[in-house]
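Novice: structure here, sequence nowhere to be found:
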């Protein structure tokens with residue numbers, strides 16, 4: 001299976017997997033190893049049944065057979081309340097569901 005993996009806007013990778021995948025967890029482990037990913041994340045895929053709109057991958061059987069476009073959706077380890085308490089002069093800005101930016105003034 002050939003995968004195009006969108007890790008971040010400046011890190012889009014091509015991954016060829018020859019293993020027969022039996023679960024989403026197995027795919028996550030392979031991606032973590034080959035792309036040296038750390039942290040917790042979800043995998044989304046472009047679903048051809050919905051005009052290639054992104055859907056969360058919950059069952060490995062949902063992936064198209066030969067090739068697929070995946071997106072890594074990072075789970076934030078810092079909650080907004082914790083980030084705001086880092087400094088009394090901090091401002092929190094959410095760019096999108098993938099990014100958490102903290103500015104210290």
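Specialist: Arrived safely, thanks for sending. Being a predicted model, the structure only gives us computed values, none of them experimental.
Novice: now stretch 2-12: average pLDDT?
Specialist: The pLDDT scores in stretch 2-12 average 95.
Novice: now what about it, what contacts it?
Specialist: The contact list for stretch 2-12 (Cβ atoms under 8 Å, 6 or more residues apart in numbering) reads 13-17, 31, 35, 37, 66-72, 98. To be clear about C-beta, it is placed using only N, CA and C from the backbone, and glycine gets the same treatment.
Novice: again, only using 7 Å
Specialist: Here stretch 2-12 makes contact (Cβ atoms under 7 Å, 6 or more residues apart in numbering) with 13-17, 31, 35, 66-72.
Novice: narrow these to those that are buried.
Specialist: Among those, those classed as buried by 16 or more other Cβ atoms under 10 Å are 31, 68-72.
Novice: same for the lengthiest helix in the chain, what does it pack against?
Specialist: Longest helix in the chain by number of residues (criterion: DSSP state H): helix 24-35. Using 3 or more Cβ pairs under 7 Å, 6 or more residues apart in numbering; DSSP states H and E, the elements in contact with helix 24-35 are strand 2-8, strand 11-16, strand 41-47.
Novice: make a markdown table from those and add distance to residue 25 to it.
Specialist: Putting these into a markdown table (distance: least, Cβ to Cβ, whole Å) gives the following:
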| stretch | distance to residue 25 |
| --- | --- |
| strand 2-8 | 16 |
| strand 11-16 | 16 |
| strand 41-47 | 10 |
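Novice: out of the ones you listed, which one sits most buried?
Specialist: Mean neighbour counts were taken over the helices and strands packed on helix 24-35 using mean count of other Cβ atoms under 10 Å, and the top value, a mean of 18, falls to strand 41-47.
Novice: same for that strand, what does it pack against?
Specialist: On a contact count with 3+ Cβ pairs under 7 Å, 6+ apart, strand 41-47 meets helix 24-35, strand 53-56, strand 67-74.
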